[in-house]
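Q: A structural model of the following input is requested.
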Amino acid sequence: MTAAENVCYTLINVPNDSEPPSEISLKTDLEKGEIKSKTEALKKVIIMILNGEKLPGLLMTIIRFVLPLQDHTIKKLLLIFWEIVPKTTTDGKLLQEMILVCDAYRKDLQHPNEFIRGSTLRFLCKLKESELLEPLMPAIRACLEHRHSYVRRNAVLAIYTIYRNFENLIPDAPELIHDFLVNEKDASCKRNAFMMLIHADQDRALDYLSTCIDQVHTFGDILQLVIVELIYKVCHANPSERARFIRCIYNLLQSSSPAVKYEAAGTLVTLSSAPTAVKAAAQCYIDLIIKESDNNVKLIVLDRLIELKEHPTHERVLQDLVMDILRVLATPDLEVKKKTLQLALDLVSSRNVEELVIVLKKEVIKTNNVTEHEDTDKYRQLLVRTLHSCSVRFPDMAANVIPVLMEFLSDTNEAAAADVLEFVREAIQRFESLRPLIIEKMLEVFHAIKTVKIYRGALWILGEYCSTKDDIQSVMTEVRRSLGEIPIVENEIKRESGEVKAEEEVSAAPAQKLVTEMGTYVTQSALSSSRPSKKEEDRPPLRGFLMDGDFYVAASLATTLTKLALRYVIIVQDKKKQNSFIAESMLIMVTVLHLGKSSLPKKPITDDDVERISLCLKVLSECSPLMNDIFNKECRKSLSHMLTVRLEEEKLSQKKESEKRNVAVQADDPISFMQLTAKNEMTSKDDQFQLSLLAAMGNTQRKEAADPLASKLNKVTQLTGFSDPVYAEAYVHVNQYDIVLDVLVVNQTSDTLQNCTLELATLGDLKLVEKPSPLTLAPHDFANIKANVKVASTENGIIFGNIVYDVSGAASDRNCVVLSDIHIDIMDYIQPASCTDAEFRQMWAEFEWENKVTVNTNITDLNEYLQHILGSTNMKCLTPEKALSGFCGFMAANLYARSIFGEDALANVSIEKPIHLGPDAPVTGHIRIRAKSQGMALSLGDKINLSQKKTSV
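A: Down below sits the predicted model:
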C-alpha cells in the first residue's frame, strides 16, 4: 500500500518559513531542556523525519531523556514519533533499542490514566512489527476488562488489527470478542466488537445477532448501522437468509437515527422487491427528505427515490405515493423543488393526475402571495411547466388549469408569463372545446398585461382564434382601450400642451417648461431624456409601449387587426358594418405609422415595421381571397406543424427512456448463472456498502470501454525518454474534483539512487495536495509514486516537474531529469445537458466570454462534422433532428453542456458545404462558444481546434 492510499490518522501542519535545526541543537534541547523546549524539539524531529531525514543519533537520546517523562503532550508526540521512525536495520532486523520502547509501552498499557491507556492502544493499531507486539499481548487482553469504555473500545480495535495482520499472536480473538460483546453494555464498545466479528468471524456475529434480534431497535444508532451492514452482507451472499432478517430491517426503518433509516431503506430494497417493502422504503425516504434540514441530504435521498422509480416494477408502487412526494415542495431550496416536480411528473398517471393538479394549483397561488424573490419567480416557472406537461398528457385537466394560470399573464416576471403564454397557445390549438374559455379569460386579463413580449403573444392568440362577431368586436374594444384616444400624435401633443402656459406654442417636440405637482414651473434639462412618470402612468399600456419606441408590437397589432377584419367580412354580411370595421382597423394602423414617423417616441419606427404595417393596409384595401387564405389558414397550419413536430420529439424521447428502463426478457434468452458470470457482468451483485465506501474515498472506477486495459493505456503519459537514467510514465486517473497521478519510476542505471524525489508544480486551477515522499531505488529497480491534485474549475491545466536524485558514493551534486508536461483534459469534467430554447437564448445574451473558432477540417459531410464535434466535446445538440435532416448546403445547430462544477457552456455551429468547390470540398464555417468564465470558453475552443480533423484509421 502506498502512502497516498493509507488511512490517515494524524495531520501535521509544517511551517515552511522556519530554518531546519541542527541535530546537535535538537540533542541538547532533548537532554537538558525544560518540558516546553523538549516538546518543541520533539515536534521538529517528527517534521524532519517526515521530510526524509534519518536522524539515527537521536533515537537513544529520546529513549533516555524523553520516554520516561509523564507529560501527556510529550506522550502523545512520542506515539507519532514511534509510528514514523525507522524501527529496523538495513537488513530488516528489529533495532535493539526498540526493546526498551516496547517495555515503556507495556507500562503505559497498565497506566492508571485511561487516556494514556486508550491512546497507546490506538497507536498499537498502526504497528506493523509482530516482534514489538508479542510481549504486549497480555496487557492488551487485560485492557478489555478496564472500567473505562474509552480503553475497552480501543482495546477491541487493537485486537482486531493485530488479529487481521498477525493472526498467530491472538488466534482466539473472535471467541474472546464474542464473550466480551455478550457482557458489554457501552454502545461504542459493542459497535467496535460487532464490527470486528463481522469481518473476522461472521458466524459468531450472526449467533450474537440471533440472540438479541428483538432488542435491535433499542440499540444505539452506531450499532444499528453495523447490524444493517451485516444483514446486507449475509443476505447478499446467502439469499435464503432473507426471511430470517427482513423483519429486523423493517423495525430499523422506525429508528430515531436518520442514517440508520436511510441505510435500512436502501438495504430493504436490495433484499426484497415486494410492493410492501418498496412502499415502506420509499415512505422512509420521503420522511427523511421532509425532516432533514440539510439540502444536500434531501438531494441525495431524492436521487435514491429516482433510482427506485427507474425499476419498472417499483414505479407503480411509487405512483401511489405521489401526494406524499409532493410534501417535499415545502422545502425552500429550488434545486430540491425542481427534482421533486420532475419525479412527480414522471410518476403521474390517470389515477393521480387530478390530485397532482390540485396541489400544483395551490402551489402556484401560494407563489402569487409571496413577496417577489428570484427563486419565487423560477419556482413559479417550474410549476407552470409541470402543469403544462400534465395538461398535454392528460387533456381533461387543461380546463381546470388554464383559468388559474392565465392570471399570471399579467405577472411582472416575463419568464413565468412567457411559459403561461406558450402553454395557452398550445392548449388553444389542440383543444378546440377550450377555445371559448381561453378567449374569455384572455380578454379579461388583456388590459393588465405589463410586458410587451407577452402583449404581442396575447394579441397574436386573440387575432388567430377569435371567430365570432362578439369576440372580434371585444378584441377591437380592448385594442382601442389599450391604445387610448386616436389620432395618437394629436392627443399626445394636447396632453403635453395642456401642462404648459397658454402662450406657449404647441409643438410635437417635448415641452421644455413643465409644471410640477406643486404648481410651479421648472425647466427640463437638455441632458435628461425621461419624461415625468405621472404622464407615463396615465398612458394606456399599448400606447406606453409605442411611446417607448417598441414598434414591433405595432406590426403584431397590424397583423392581428388584418386577420380579424378579414374574418369579420366573412361573418358579417352588412356592407356598412364591414366597411366601418375595416376603416377603424386602417385608422389604427395609420395613426401608429404617423406616431412612428413623428419625433414623439423615444425611438423612431424601424423600416421593417413600416413595411409590415403598409402591407397590412394594402391587404385590407384589396381584401383578396388569396391574402385571406394566407392570413387566416396558412399561419395556423405553421403553428400546428410546429406543435406536432415537438410532440413527436417528446414522444420519441419518452419512448427511448422507457425502452432503456423496460428490460424485456425474451423466451430464448440465455439463462445467467451467477457462478459463471464474468466479473464485469455482475454489476447488480456489487456490494453496495463497498461501492459507497469506494465512492467516498474517490476510488470508484468509471465504466471503461469494452476493453478496460486498452482505455487505461490511453491515459498513460510518457514523462521521460527511454535513454534517460530514470524512466517515468504516469497514469492520469480523474475522479471528479481530484486527479490521481500514478507515476511509474524505473532506475535504468547500475547505481543505487538515493532520495529519488518526484517534484511537481501546477499551472491553472490545480493544486498539489501533498509532496510525494523520497525513496531509494536499487539498480534497475522500479517503484510507483502517487500524487493527488485538486481541481477547482473547468479549464485546461498543466502539471510539470522533474525527478531529482543522488547517486550513492558519487561526490557530484543532485541529478535532475526534467519531465514532459501533463495536460489535463477538460473533457473529463464536461457532461452533456439540456435546456429550453428560451434558457439558451437568455444565457447566450448574458455570458460575456465568447471564443470564435474557424472550422478547419477534412470532413466533407455537414452532419458527420456535427456528430464529430459532439463526440469530441461531450456536448448535446439542442436543435431537433428534424431541423437538421435533409441537405441544403448549410447547417446551424445549438450545443449545450454543463461541467461538474455547475458551469454552463454554449456553442453555436454555423457551417456550410461550398458546392462550387466540388463534392469533395471540406466543410467550412465557424463555431462560436460562449461561457461565463474565460477559462471554460478558451479550453473548449482549444479542444475543438485540436479534434476538428478526422484522423484516418
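
Q: so how far is the strand or helix carrying M48 off the chain centroid?
A: Assigned by DSSP states H and E, M48 belongs to helix 35-50. Centroid displacement of helix 35-50 relative to its chain, using CA atoms, centre = their mean, to the nearest Å, is 45 Å.

Q: how about exporting that helix as PDB, limited to the C-alpha atoms?
A: The C-alpha coordinates for helix 35-50 follow below in PDB (Å, rounded to 0.1, in the frame of the first residue of the first chain):
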ATOM      1  CA  ILE A  35       9.300  20.300  29.300                       C
ATOM      2  CA  LYS A  36       8.300  23.100  26.800                       C
ATOM      3  CA  SER A  37      11.600  23.000  24.900                       C
ATOM      4  CA  LYS A  38      11.600  19.200  24.800                       C
ATOM      5  CA  THR A  39       8.100  19.300  23.300                       C
ATOM      6  CA  GLU A  40       9.200  21.800  20.600                       C
ATOM      7  CA  ALA A  41      12.400  19.800  19.900                       C
ATOM      8  CA  LEU A  42      10.300  16.600  19.600                       C
ATOM      9  CA  LYS A  43       8.000  18.300  17.100                       C
ATOM     10  CA  LYS A  44      10.900  19.400  15.000                       C
ATOM     11  CA  VAL A  45      12.400  15.900  15.000                       C
ATOM     12  CA  ILE A  46       9.000  14.500  13.800                       C
ATOM     13  CA  ILE A  47       8.800  17.100  10.900                       C
ATOM     14  CA  MET A  48      12.400  16.400   9.900                       C
ATOM     15  CA  ILE A  49      11.800  12.600   9.800                       C
ATOM     16  CA  LEU A  50       8.600  13.100   7.800                       C
END
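
Q: next, the angle helix 35-50 makes with whichever helix or strand comes after it.
A: Heading C-terminal from helix 35-50, the first helix or strand you meet, by DSSP H and E, is helix 58-65. Helix 58-65 runs at 150 degrees relative to helix 35-50, counting by axes from the mean of the first three to the mean of the last three CA atoms, to 10 degrees.

Q: what packs against helix 58-65?
A: helix 23-32, helix 35-50, helix 98-108 (3 or more CB pairs under 8 Å, 6 or more residues apart in numbering; DSSP states H and E). Where C-beta positions appear, they are placed from N, C-alpha and C, glycine not excepted.

Q: downstream of it, the next helix or strand is which one?
A: helix 72-84.

Q: tell me which strands and helices the helix holding M48 is in contact with?
A: Contact partners of helix 35-50 among helices and strands, from 3+ CB pairs under 8 Å, 6+ apart: helix 23-32, helix 58-65, helix 72-84.

Q: average pLDDT for stretch 586-593?
A: Computed over stretch 586-593, the mean pLDDT rounds to 83.

Q: got it, and stretch 563-583?
A: 80.

Q: save the helices and strands packed on helix 35-50 as a markdown table, and put in mean pLDDT and mean neighbour count too.
A: Shown next, in a markdown table, are the helices and strands packed on helix 35-50 (pLDDT from 0 to 100; neighbours: other CB atoms under 10 Å):
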| stretch | mean pLDDT | mean neighbour count |
| --- | --- | --- |
| helix 23-32 | 83 | 16 |
| helix 58-65 | 84 | 18 |
| helix 72-84 | 85 | 18 |
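
Q: which among those helices is found nearest to A193?
A: Set against A193 and scored by CB to CB, the helices and strands packed on helix 35-50 come closest in helix 72-84, at 23.6 Å.

Q: which strands or helices does that closest one pack on?
A: Where contact means 3+ CB pairs under 8 Å, 6+ apart, helix 72-84 is packed against helix 35-50, helix 114-124.

Q: in a helix, K790, correct?
A: No. Counting by DSSP: H, G, I helix; E, B strand; the rest coil, K790 is not part of a helix but strand.

Q: so it sits against K767, correct?
A: Yes. The criterion here is CB atoms under 8 Å, and K790 meets it with K767 at 4.6 Å.

Q: on that earlier part again, which of the helices and strands packed on helix 72-84 is buried the deepest?
A: Across the helices and strands packed on helix 72-84, the average number of neighbours (mean count of other CB atoms under 10 Å) peaks for helix 114-124, which reaches a mean of 21.
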